[in-house]
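>>> give me a model of this one.
(2 chains)
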Protein chains: 2
Amino acid sequence: MYIEKINGPEDLKKLTMDECMVLAGEIRELILKRTSDIGGHVASNLGIVEIAIALHYVFDSPKDKMVFDVSHQSYAHKILTGRKEGFADSDKYSEISGYTNPNESAHDHFFVGHTSTSVSLACGLAKARDLAGGKENVIAVIGDGSLSGGEAFEGLDFAGGELKSNFIVIVNDNEMSIAENHGGIYGSLKALKDGNGRAENNYFKALGFDYRFVADGNDVAAVTEALKEVKDIDHPVVVHISTKKGKGYSFAEEDEEAWHWRKPYNLETGELKSDFNGERYDRVVRDHILERIKTDDRIVAMLAAVPDSLSFTPDMRKQAGKQFVDVGIAEEHAIAMAAGIARNGGKPVFATLSTFFQRTYDQMSQELCINKCAATLLVINASVYAVNDISHIGIFDIPLISGMPNMIYLAPTNKQEYLAMLDWSIDQDEYPVAIRAPRNGVFYAEGEVECEYGINPEYRIQKQGEKVAVLALGDFYQMGEEVVEKLKADKGIEATLVNPRYITGLDRNTLDELAKTHEVIITLEDGVLDGGFGQRVAGYLGRYKGVGVLNFGLKTEFLDRYNLKAVMESNHLTPELICEDIYKIL
Amino acid sequence: MYIEKINGPEDLKKLTMDECMVLAGEIRELILKRTSDIGGHVASNLGIVEIAIALHYVFDSPKDKMVFDVSHQSYAHKILTGRKEGFADSDKYSEISGYTNPNESAHDHFFVGHTSTSVSLACGLAKARDLAGGKENVIAVIGDGSLSGGEAFEGLDFAGGELKSNFIVIVNDNEMSIAENHGGIYGSLKALKDGNGRAENNYFKALGFDYRFVADGNDVAAVTEALKEVKDIDHPVVVHISTKKGKGYSFAEEDEEAWHWRKPYNLETGELKSDFNGERYDRVVRDHILERIKTDDRIVAMLAAVPDSLSFTPDMRKQAGKQFVDVGIAEEHAIAMAAGIARNGGKPVFATLSTFFQRTYDQMSQELCINKCAATLLVINASVYAVNDISHIGIFDIPLISGMPNMIYLAPTNKQEYLAMLDWSIDQDEYPVAIRAPRNGVFYAEGEVECEYGINPEYRIQKQGEKVAVLALGDFYQMGEEVVEKLKADKGIEATLVNPRYITGLDRNTLDELAKTHEVIITLEDGVLDGGFGQRVAGYLGRYKGVGVLNFGLKTEFLDRYNLKAVMESNHLTPELICEDIYKIL
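Numbering: from 1, shown residues only, chains lettered A, B, ... in the order given. Just a heads-up that it's a prediction; the model follows:
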């Protein structure tokens, strides 16, 4: 086993090319061991092993600096830079994250988890190097899928035109985004592959880059040779390398989309160790959209390269036909295009993760909200209960989206309410509407739900009580129910329970009534407190001296791979801790 | 005068090409009349006159749909579509805005004011058309400068790869952004011009577009001929048209940057009718940065195509040399590059308008804040006192920026404080720092100002009093002083005056003290209330029953070309109205 001797890049440099090819197989085994045990990005990491070996063979990291785009494909890089135990030893899995992480190693320069930023980050490293008179190589490693993001273009355009010094971009072309690629650029990349690096209208050359091509990126010697040629180059160059996504593991090679990110699986059969086939909001909503598409050809389901966010499998996409659009990793384009569809009579429904809406604030504000284009946005994984990697946390969207004039941001608390809000939004023509998909399990309404919503919020009083009023928003509604029960059990307080339903605006009538008849009003929201729903309520109620207001939600901090229970407790987000805080000011 | 007969595109179609050329001159006179009287975008509008004529000559607007990028160059389009009085009649100037505006005309499909969105908006119009079985032409008109924005790439990439129907992109190439262009793409555009439309590595073809070239875009006949060829085309095509920015007005032709946007000027001499040469924060800060650059080669002044935001003239840019970077219209790239510079030991200072920080939320959060890269951001025009076009209002940045963990967002109230914050930020290595540039005139500190800031906010009590505490943030500090004076004059109340200095975080110690010793605490901020500073204070103080809290700031609404006095009054932002509100709850 060569891997046993590799504790850093310096050990790698002692191997022959043939030995490196054996090592590649050993690295693949580690990747498969970890991902089959705890899940992770499988196919992209299997595909890039030889590139990672060649990079560390040729360059001198960390002096030479490598920036991995998204960095979900950095497993081999981690294994080669002293972190193999995070893959080989199940006790140490948790010490190593799934993305580059400067806290783990000097070979990682940034926390990265969102797409298309590597070239720009590397431009900054190169600029500071040039001002300081340094000579190190700066290398950005970016997948073909990430090239559809506008920022990747901005970075390439800047580098190609403005940098007059060493700058190396490795394009790892496996002909896939998470799902299939979308965009005209992919025709050009294919032409370059078909022409063994020669084709008219080379995208990279059009942006001012020098260009090299490597036909077999899963051959360490071929990649090494190409990298040796560009090492210490004095101008920007793209090295376009063709690789096979999922390389070396037949299940992944055959279904790259299913193996892009995979939950724990059986190594022999490829089957998931456990899967949840029951009711889930993403599937409920997807099925509802597909049903509506059948009878309304104005509806367009839109995604930005994350079909899994709505469980939109290839079959489902085919079923939706022309009424399904994947724009690639291009959220800005998605929102502006949705505005255009709405303006011309269509009914766009765009879904992506909470954390990715951050990539299109301006288009939401300018294109959708100023123009009052009636698009529907589904905000997925917007919850402390969802993804817990630092770059993907979904707790920041309430301040982001709810401050936009003309936007209606709704927070359903159960399945019927979610679908009613979605139907209402699709059927109206006046306002952009965002709906915050719940993540705390599928609940059912007790009694009727409202079918009409609008720009003027009306909170729903689920239970009229006294002394204490609990405004429990969206995902935290069920926690609000528990608080009300506990107030009754502890102190015999018959508290009022409110389902605000609206994140945007304020139902001033209801708040005025509550303030007149209660001593304490509390708010609960599944997101950061600062700039959120509760503080808006507190700002309004400040005029009522004599009424206490407590906001419950999350502190403004970046959480990483957190323990849910600990986070909930440290933020006083349990019925016990909430009641304690209430009793302090009652 | 042909212009007298033109009340809509149908009248234009009756003219000969020669008559259209005469008409172009008449349109230029109207553009010069209006802009010399009230200011506006001069050079870009002069350059595109013939394209606008040809577009309305060949196509059938509003059935055929034209989307103008940024839409600052839509004056000729407006003149040709029934709005010439907004240019010819000084009484009617105010009826017509400087951007496309659906409220003015059916020929305008969107409010647009930010860059690089036209292709995406047009993609949406085309998609909805195709689903509805329509046959109209969809045309995006975009300048070469706007091509540096990532969203323009995203739109072109999507259209070139995914649209299989009529789609026309007019690239108006005048070889300028607001200032000179930056980026590798401009080498390609120049090669195409030099080759009369032929060159290797055509950027548009690389993205899947068909391509046509027009060498003289200021010849109506030449443009008309090209547009007739592409009318009703069944696939995406770029018509690349070379024009002269500032065409027909020698002053503008000779200094395109100074004439991109111009305040009222003397038509004969080109001189500004009035100019303010006194002290202004943008100049103060620019001079300070230039001074520091002289002795510290780590500092990099960064802008994104709006050098005017810091009065960074060509001379100043030359003076800063390699320590000045204009990234083009590419805010996402700018922020990620700043993160890279900081990570490699540099000291980036990036300035742009409040409204343009909206274009890079994700990079601020992910690249700067998660990574704790010590970049300095100067947030310009962040004020109700600044630009008042709906697309450029600067009142939304407080919720945007202040909710990011690890970010320190500071609000100086005078010149010394502003420069002290800037120096401190440049000299520290721990945190990303944003500084909200004041806009209500240059004020001077009374006494010393603090030279050290940090992640834990400390509010400054300027005057210790009782009963009422006034927390007056940044630009509204001087209004806070007036409120305190008025409380004394009206009721003899010696109120407490606080300069919070920090927008992020909370100084809990000071707030606890204030709550114990005051009956009413008010906050003043020069931005929207929702999600802002005051509501965070109210959220914290909610636990103190018996203390009234009032937040003063702006309602969540899109204001357009507003009357400042009326807006201030409707938001209770005068000392009189503020005191009245205080008296109601004292």
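>>> A:D144 touches A:N181, doesn't it?
Yes. Using Cβ atoms under 8 Å, A:D144 is in contact with A:N181, at 6.5 Å. From N, CA and C alone the C-beta is placed, and that goes for glycine too.
>>> can you pull out the helices in the stretch 351-500 of chain A?
A:354-357, A:361-363, A:397-402, A:415-427, A:477-491 (DSSP state H, counting those that start in this stretch).
>>> list the buried residues in the last one.
Applying a neighbour-count criterion of 16 or more other Cβ atoms under 10 Å in any protein chain shown, the buried positions in helix A:477-491 are A:Y477, A:Q478, A:M479, A:G480, A:E481, A:E482, A:V483, A:V484, A:K486, A:L487.
>>> give the contact list for the last one.
A:L487 makes contact with A:V468, A:I493, A:A495, A:C579, A:I582, according to Cβ atoms under 8 Å, 6 or more residues apart in numbering or on different chains.
>>> now the first one, nearest residue through space, not along the chain?
In other words, A:V468. A:A495 (4.2 Å; Cβ to Cβ, 6 or more residues apart in numbering or on different chains).
>>> contact partners for the residue nearest to A:W424 when sequence neighbours are not counted?
Nearest residue to A:W424, sequence neighbours excluded (Cβ to Cβ, 6+ apart): A:Y453, at 5.2 Å. By Cβ under 8 Å, 6+ apart, the contact list for A:Y453 reads A:I408, A:L410, A:M421, A:W424, A:S425, A:V433, A:R501, A:Y502.
>>> what touches both of A:D144 and A:N181?
With Cβ under 8 Å, 6+ apart as the test, A:D144 and A:N181 both reach A:E175.
>>> out of the contacts of A:L487, which is nearest to chain B?
Nearest to chain B among the contacts of A:L487 is A:I582, at 10.4 Å by Cβ to the nearest Cβ.
>>> check which element follows the longest helix belonging to chain A along the chain.
Among the segments of chain A that qualify as a helix by DSSP state H, the longest is helix A:17-38. Per DSSP states H and E, helix A:17-38 leads on to strand A:40-41 as the next helix or strand towards the C-terminus.
>>> quick check: mean pLDDT across that next one?
Strand A:40-41 shows a mean pLDDT of 96.
>>> can you list the strands that that strand pairs with?
If you go by DSSP bridges, strand A:40-41 pairs up with strand A:261-262 (antiparallel).
>>> which other helices and strands does the next helix or strand after the strand it pairs with contact?
Sequence order places helix A:281-295 as the next helix or strand after strand A:261-262, per DSSP H and E. Where contact means 3 or more Cβ pairs under 8 Å, 6 or more residues apart in numbering or on different chains; DSSP states H and E, helix A:281-295 is packed against strand A:299-303, helix A:314-320, helix A:415-427.
>>> want to throw those into TSV with mean pLDDT?
Shown next, in TSV, are those (pLDDT from 0 to 100):
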stretch	mean pLDDT
strand A:299-303	98
helix A:314-320	95
helix A:415-427	98
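>>> following the host helix or strand of A:E50, which helix or strand shows up next?
Using DSSP H and E, A:E50 maps to helix A:49-58. Scanning forward in sequence from helix A:49-58 by DSSP H and E, the next helix or strand is strand A:65-68.
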